[in-house]
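Chemist: let's see this in three dimensions:
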Amino acid sequence: MPRGKGPCRHGWGGPQAGFGNLPRFIEPVVLYLLKKFGQAHGYQLAGELPEHAIGETVIDRGALYRTLRQLEAAGYVSSDWDVSGAGPARRLYRLTPPGEEFLSHWANLIERMADSMTDFAEKVRALDAKGPGKGAESE
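Modeler: Presented below is the predicted three-dimensional model:
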């Protein structure tokens with residue numbers, strides 16, 4: 001079992017468990033939410049991220065707003081200032097047609113990754129069943 005103290009975001013090990021490089025998948029989740037809602041303020045997106053996040057990662061608001069700016073710069077998202085209602089003006093984000101296509105590419109990539117990850121996990125479990133040092137002769 002990996003070193004660490006208590007559960008980490010993957011259910012075991014600690015922060016030193018070596019899972020720091022797993023992607024957080026902020027982009028596809030933001031694109032998905034914009035497609036789902038049609039348009040949304042950053043505050044609304046931030047509230048929805050935990051429910052729709054891929055995996056068990058926590059996405060901070062700073063990362064959300066950086067991602068929105070990057071997606072807008074790339075032409076996948078557009079925004080306008082919403083001055084309706086009380087309070088300060090807020091940005092209202094929406095998905096662009098290239099953003100819809102980008103979301104579709106993300107979905108395809110995630111499906112391929114899921115298949116590859118399942119295949120990898122099955123290979124690890126097969127080696128576990130054989131015992132230590134018993135995997136090399138079977139390949």
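
Chemist: going forward, measure contacts between C-alpha atoms and count neighbours the same way
Modeler: Will do.

Chemist: this protein: strands as residue ranges?
Modeler: Ranges of strands in the chain, per DSSP state E, are 40-41, 77-82, 90-95.

Chemist: how about Ala53: what's its closest non-neighbour residue?
Modeler: Using CA to CA, 6 or more residues apart in numbering and skipping the chain neighbours, the partner closest in space to Ala53 is Val29 (6.4 Å).

Chemist: from what I see, that neighbour and Ile54 are in contact.
Modeler: Yes - with contact defined as CA atoms under 8 Å, Val29 counts as touching Ile54 (7.4 Å).

Chemist: point to the residue nearest the middle of this structure.
Modeler: Phe25 (2.0 Å; CA atoms, centre = their mean).

Chemist: can you count the residues close to the closest residue to that residue other than its chain neighbours?
Modeler: Leaving aside its sequence neighbours, Phe25 sits nearest to Ile54 (CA to CA, 6+ apart; 6.4 Å). The tally of other residues near Ile54 (other CA atoms under 10 Å) stands at 16.

Chemist: what do you get for Glu51?
Modeler: 9.

Chemist: with Leu34 instead?
Modeler: 21.

Chemist: likewise Thr67?
Modeler: Neighbour count of Thr67, defined by other CA under 10 Å: 15.
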